[in-house]
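A.B. asks: Sequence first, then the predicted structure, then my questions.
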Amino acid sequence: MKVVIIGGVAGGASAAARIRRLDESAQIVVFERSGYVSYANCGLPYYIGGVIQNRELLTLQTPQSFNRRFAIDVRVHHEVTAIHRERKAVTVQNLETGAEFEETYDKLVLSPGARPIRPPMPGLDAKRLFTLRTVEDTLLIRDFVEREKPRRAVLAGGGFIGLEVAENLCEMGVEVTIVQLLDQLLTPLDKDMASFVHARFRAKGVHLMLKTAVSGFEERDGCILTHVDGGETLCAEMAVLAIGVSPDSSLAHEAGLELAPRGAIAVDEHMRTSDPDIYAVGDAVQVRNAVTGSLGLVSLAGPANKQGRIAADHLCGFDSAYHGAYGSSVIKVFDMTAAATGINEHAAKEAGLAYEKIVLSPENHASYYPGGRAMTIKLLYEKETLRILGAQIVGFDGVDKRIDVIATAMQAGLKAPELARLDLAYAPPYSSAKDPVNMAGFIAENIETGKVKQFHYEDLGDLQGRSDVTLLDTRTVGEYAAGHAEGFGNIPLDSLRDRLSDLDAKKPVYVMCQSGLRSYLACRILCQHGYDCYNFSGGYRLYRAITENAFNEQANTPCGFAVGASKD
């Protein structure tokens, strides 16, 4: 069997290595148009910033090492320009010599990846304007930064690549402005959770221009001008265009393979295209959302690697299938971490799902152990079935661990309240006896059993100013004086039992505290005294992040201790 693979990196390189492990006699040829067949795509921004100093570390395999270990014929700087399905051959151009030739195949694997989106606007050929997709792009930017030492940079786009480049340039002392068309960064997060990311970037001196469209670029007098709609032109020494990627499906289209509505290559669960002898993997293919069942794009390395393996299995005769993507992702934001899995509120509404949401702000480890810092967890689950739809976490240490636990629970089919019963590792430097994931499960359980009712940030507009409700803040007098939501009066939790007469028992009480813990305890007290009580999801910490793009790294003040914590 002869297998030709178009494109390396995550999907193509994984497919090639897997085929060899399964079939020692297969003839495997990989054509890669760049100079690198297998490299750490996600590490590219960190080479620009000098976090990764040795460029050789970006290269996971070379053509020579691939050949030595796997006996695979890898040809870089070779671009496949046409697929001839009728005679099972491809036309290849050697980009170094310009020579063209044909290569036959028994099976073909497409792994062309995606291209940076370059909308029709002036100035895209400016020498000070960069995109970042390949190792060559990275080396070009790194060389420019070292040579020109830019003082200012503009990043167009608020996704993973744009934010990672922005962080690395900022850490090098460059004044960075991020221009984003949407009203938030990082669209896997909901806007309320993205507020913490906004706060961190602004705290580090990064300028955010949200709801702003770039209309073009212009190079002038050693600077590049970024023109934006309805605003003043931005002047900087460099700019990076990172507004997203689109599937590179031109070869598949020209070969007559079936494409999805958004231009991605249509594949079945075995990663086969409409031609049974041609497979496709990675950023160029359409995949099923494992939560909603809808079809779309997932430009992440993890799914691409798995798809490469599955395509290799199937073409070697094994019954291997890809069942969809949950879109689990994580990003470093200076010293903070933001992560997501499954779907967010926007996607849940688009899918027509009736959902409940939980927001909590536990510390990453036992509160009595030094160095604890808060993380904010947002969990979505379906109301009727209680299945977990998705989660978002923003915080510091331990965020990656918790998002992976929830992603695993989702794929195992656990319901939201069952998170409470997960037996997770505990020691004071790493967690609490009640892990943050357990806490999310406890809240879901309390909601579903009627022990607590919630209200959310979007409900505040209808509540503030009404005379038929009581708005109550149960933090300390000092916390309340330092800042509070409009219309909320203050009775500290520890004084509440003695001041019940201050509250009108005929009015529903809407309670807020710093993180949601003390307000929950207040609601349990009030409910058992006959009050109709609602707990604010996420606490004042979330409220302040949304309204001021600022946040406190502590979940609670010392008086807001965790109840029921083990004392060892």
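C.D. replies: That came through, no problem. The structure displayed is predicted, hence computed values, not measured ones.

A.B. asks: Mind listing residues that contact stretch 468-486?
C.D. replies: Under the criterion C-beta atoms under 8 Å, 6 or more residues apart in numbering, residues 460, 463-464, 487-493, 496, 503-504, 507-514, 518-519, 521-522, 540, 543-544, 557, 559-560 lie in contact with stretch 468-486. Placement of C-beta: from N, CA and C, glycine included.

A.B. asks: If any of those residues are buried, give me the PyMOL selection for them.
C.D. replies: Per 16 or more other C-beta atoms under 10 Å, the buried members of the contacts of stretch 468-486 correspond to this PyMOL selection:
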select buried, resi 460+463+488+491+492+493+496+503+508+509+510+511+512+513+514+518+519+521+522+540+543+544+560
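
A.B. asks: Mind checking which of the contacts of stretch 468-486 are in strands?
C.D. replies: 489-490, 509-512 (DSSP state E).

A.B. asks: now the strands: where do they sit in the stretch 1-150 of the chain?
C.D. replies: 2-6, 27-32, 38-39, 59-61, 73-76, 78-84, 89-94, 100-104, 107-110, 114-116, 129-130 (DSSP state E, counting those that start in this stretch).

A.B. asks: out of those strands, deepest packed?
C.D. replies: The highest mean neighbour count among those, using mean count of other C-beta atoms under 10 Å, belongs to strand 107-110: a mean of 28.

A.B. asks: For that strand, which outside residues touch it?
C.D. replies: Strand 107-110 is contacted from outside by 1-7, 12, 15, 83, 88, 90, 251-252, 265, 273, 277-281, 284, 308, 311-312, 315, using C-beta under 8 Å, 6+ apart.

A.B. asks: Please apply the same query to stretch 253-268.
C.D. replies: 82-85, 110, 246-247, 249, 252, 273-275, 278-281, 284-287, 295-297.

A.B. asks: Distance of the residue nearest to the spatial centre of the chain relative to residue 544?
C.D. replies: Geometric centre of the chain, nearest residue: residue 329, 4.1 Å, by C-alpha atoms, centre = their mean. To residue 544, residue 329 is 26 Å away according to C-beta to C-beta, to the nearest Å.

A.B. asks: can you check residue 497 too?
C.D. replies: 28 Å.

A.B. asks: rewinding a little: just the buried ones from the contacts of stretch 253-268?
C.D. replies: Buried members of those, scored by 16+ other C-beta under 10 Å, are 83, 85, 110, 246-247, 249, 252, 273-275, 278-281, 284-287, 296-297.

A.B. asks: In strands, which of those residues appear?
C.D. replies: Per DSSP E, these map to strands at 83, 110, 246-247, 278-280, 287, 296.

A.B. asks: just to revisit the earlier point, mind putting the ones in strands among the contacts of stretch 468-486 into a markdown table with pLDDT and distance to residue 452?
C.D. replies: Shown next, in a markdown table, are those (pLDDT from 0 to 100; distance: C-beta to C-beta, whole Å):
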| residue | pLDDT | distance to residue 452 |
| --- | --- | --- |
| 489 | 97 | 21 |
| 490 | 98 | 21 |
| 509 | 98 | 13 |
| 510 | 98 | 12 |
| 511 | 98 | 10 |
| 512 | 97 | 14 |
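
A.B. asks: nearest to residue 42, of the residues you listed?
C.D. replies: Set against residue 42, the nearest of these by C-beta to C-beta is residue 512 (38.9 Å).

A.B. asks: re earlier: wait, which of the ones in strands among the buried ones among the contacts of stretch 253-268 is closest to residue 23?
C.D. replies: For those, the residue nearest residue 23 by C-beta to C-beta is residue 279; the value is 14.7 Å.

A.B. asks: which residues sit in contact with the closest residue to that closest one other than its chain neighbours?
C.D. replies: Nearest residue to residue 279, sequence neighbours excluded (C-beta to C-beta, 6 or more residues apart in numbering): residue 311, at 4.1 Å. Taking C-beta under 8 Å, 6+ apart, we find residue 311 in contact with 11, 15, 109, 270-272, 279-281.

A.B. asks: my guess is residue 150 contacts residue 236, does it?
C.D. replies: Yes - counting by C-beta atoms under 8 Å, residue 236 is a contact partner of residue 150 at 7.0 Å.

A.B. asks: mind listing the strands in the stretch 201-350 of the chain by residue range?
C.D. replies: Counting by DSSP E, counting those that start in this stretch, the strands of the stretch 201-350 of the chain are 207-209, 214-220, 223-228, 234-236, 238-241, 245-247, 278-280, 287-288, 295-296, 329-333, 336-342.

A.B. asks: In a helix, residue 420, correct?
C.D. replies: Yes - under DSSP: H, G, I helix; E, B strand; the rest coil, residue 420 falls within a helix.

A.B. asks: which secondary element of the chain has the worst mean pLDDT?
C.D. replies: Lowest on mean pLDDT, DSSP states H and E among the helices and strands of the chain sits strand 38-39, with a mean of 69.

A.B. asks: Let me know the outermost residue of this protein.
C.D. replies: In the chain, the greatest distance from the average C-alpha position (C-alpha atoms, centre = their mean) is reached by residue 501, at 47.6 Å.

A.B. asks: does that one sit in a helix, a strand or a coil?
C.D. replies: helix.

A.B. asks: Give me the distance between it and residue 491.
C.D. replies: From residue 501 to residue 491 the distance is 11 Å (C-beta to C-beta).

A.B. asks: Tell me who's in contact with residue 318.
C.D. replies: Counting by C-beta under 8 Å, 6+ apart, residue 318 touches residue 22.

A.B. asks: in stretch 370-384, what counts as buried?
C.D. replies: Neighbour-count burial for stretch 370-384 [16+ other C-beta under 10 Å]: 372-382.

A.B. asks: my bad, stretch 288-301
C.D. replies: Buried residues in stretch 288-301 (16+ other C-beta under 10 Å): 288-292, 296-301.

A.B. asks: just those residues now: which is nearest residue 390?
C.D. replies: Looking across the buried residues of stretch 288-301 and measuring by C-beta to C-beta, the closest to residue 390 is residue 291, at 6.6 Å.

A.B. asks: wait, doesn't the closest one sit right on residue 326?
C.D. replies: Yes - contact criterion C-beta under 8 Å: residue 291 and residue 326 qualify, at 6.7 Å.

A.B. asks: low-confidence ranges in the protein?
C.D. replies: The chain contains residues with pLDDT under 70 at 39-41, 551-568.

A.B. asks: at 50 what do you get?
C.D. replies: Across the chain, the ranges flagged by pLDDT under 50 are 557-568.

A.B. asks: which ones are touching residue 460?
C.D. replies: Taking C-beta under 8 Å, 6+ apart, we find residue 460 in contact with 485, 543.

A.B. asks: Also residue 319?
C.D. replies: Residue 319 sits next to residue 313 when contact means C-beta under 8 Å, 6+ apart.

A.B. asks: Over to it: give its phi and psi.
C.D. replies: Per-residue torsions, residue 319: phi -90, psi 80 (degrees, to the nearest 10).

A.B. asks: how much space is there between it and residue 270?
C.D. replies: 8 Å.

A.B. asks: Over to residue 538?
C.D. replies: From residue 538 to residue 270 the distance is 43 Å (C-beta to C-beta).

A.B. asks: Which one of these two is surrounded by more residues?
C.D. replies: residue 538 (26 against 17; other C-beta atoms under 10 Å).

A.B. asks: coming back round to it: what residues are shared contacts of residue 291 and residue 326?
C.D. replies: Listed contacts common to residue 291 and residue 326 are 342, 410; contacts here mean C-beta under 8 Å, 6+ apart.

A.B. asks: Helices of the stretch 351-500 of the chain, start to end?
C.D. replies: Taking DSSP state H, counting those that start in this stretch as the criterion, the stretch 351-500 of the chain carries its helices at 399-411, 436-448, 460-463, 477-482.

A.B. asks: which non-adjacent residue is nearest residue 13?
C.D. replies: Spatially, and ignoring its direct neighbours in sequence, residue 13 is nearest to residue 38 (4.1 Å; C-beta to C-beta, 6+ apart).

A.B. asks: surely the one you found meets residue 66?
C.D. replies: Yes - Residue 38 is within contact range of residue 66, at 7.2 Å (criterion: C-beta under 8 Å).
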